[in-house]
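>>> Need the 3D shape of this:
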Amino acid sequence: MEVPRKKAKTCPGDDTKDGGAEETPTAARQIAELQAKLERCRREKAAALWEKNAAELRHEQVVEDLKGSYSDALEWAYSVKSIPRDHWEVEYAEEYADAM
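Residues are numbered from 1 along each chain as shown. Below is the predicted model:
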């Protein structure tokens, strides 16, 4: 069973045989400009994604470095080495050295 196809609407004053389906030089130029703009947008998007990924990688590296330095700082802060008694006895009285 054949379904009849609807005819496309035509613009008033359209005198082309095919109802305006033929490309005019202006339309071809506009299509080319839009395709160039689309390609430019795709390149810009790709560059932005690359920059975003690079920034995320740098961020992850900085976080890892900070975690390492933070844990090193905590280890240093809580690992108190005792100062030998003779250090205190050289400059201070014996009572002070006992208190230390």
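
>>> how would you label K81: helix, strand or coil?
Secondary structure, DSSP: H, G, I helix; E, B strand; the rest coil: K81 is coil.

>>> That one - how many residues pack around it?
Neighbour count of K81, defined by other Cβ atoms under 10 Å: 5. Yep, even glycine has a C-beta here, placed from its N, CA and C like the rest.

>>> Dihedrals phi and psi, it?
Backbone geometry at K81, expressed as degrees, to the nearest 10, gives phi -90, psi 140.

>>> Can you tell me how far it is from E95?
K81 sits at a distance of 23 Å from E95 (criterion: Cβ to Cβ, to the nearest Å).

>>> go on, I31?
For I31 relative to E95 (Cβ to Cβ), the value is 96 Å.

>>> With E44 instead?
76 Å.

>>> same thing with L74?
Remark: distance between L74 and E95 (Cβ to Cβ) = 34 Å.

>>> Neighbour count: the two, which is higher?
Using other Cβ under 10 Å, the more surrounded residue of L74 and E95 is L74, with 10 against 7.

>>> the bottom helix or strand of the chain by mean pLDDT?
When the helices and strands of the chain are scored by mean pLDDT, DSSP states H and E, helix 85-91 comes last with a mean of 67.

>>> where are the low-confidence patches of this protein?
Scanning the chain for pLDDT under 70 picks out the ranges 1-3, 7-23, 85, 87-93, 97, 100.

>>> What segments of it are helices?
For the chain, the helices defined by DSSP state H cover 25-78, 85-91, 94-99.

>>> Counting by contacts, list what the last one packs against.
Under the contact criterion of 3 or more Cβ pairs under 8 Å, 6 or more residues apart in numbering; DSSP states H and E, the helices and strands touching helix 94-99 comprise helix 85-91.

>>> What is the distance between stretch 65-72 and the centre of its chain?
24 Å (Cα atoms, centre = their mean, to the nearest Å).

>>> ok, residues contacting that stretch?
Residues outside stretch 65-72 that contact it (Cβ atoms under 8 Å, 6 or more residues apart in numbering): none are found.

>>> Restrict it to CA atoms and write it as CSV.
The C-alpha trace of stretch 65-72 is given here as CSV (Å, rounded to 0.1, in the frame of the first residue of the first chain):
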residue,chain,number,x,y,z
ASP,A,65,52.6,15.1,47.3
LEU,A,66,50.8,17.0,50.1
LYS,A,67,49.6,13.7,51.6
GLY,A,68,53.2,12.5,51.7
SER,A,69,54.6,15.7,53.1
TYR,A,70,51.8,15.9,55.7
SER,A,71,52.4,12.4,56.9
ASP,A,72,56.2,13.1,57.0
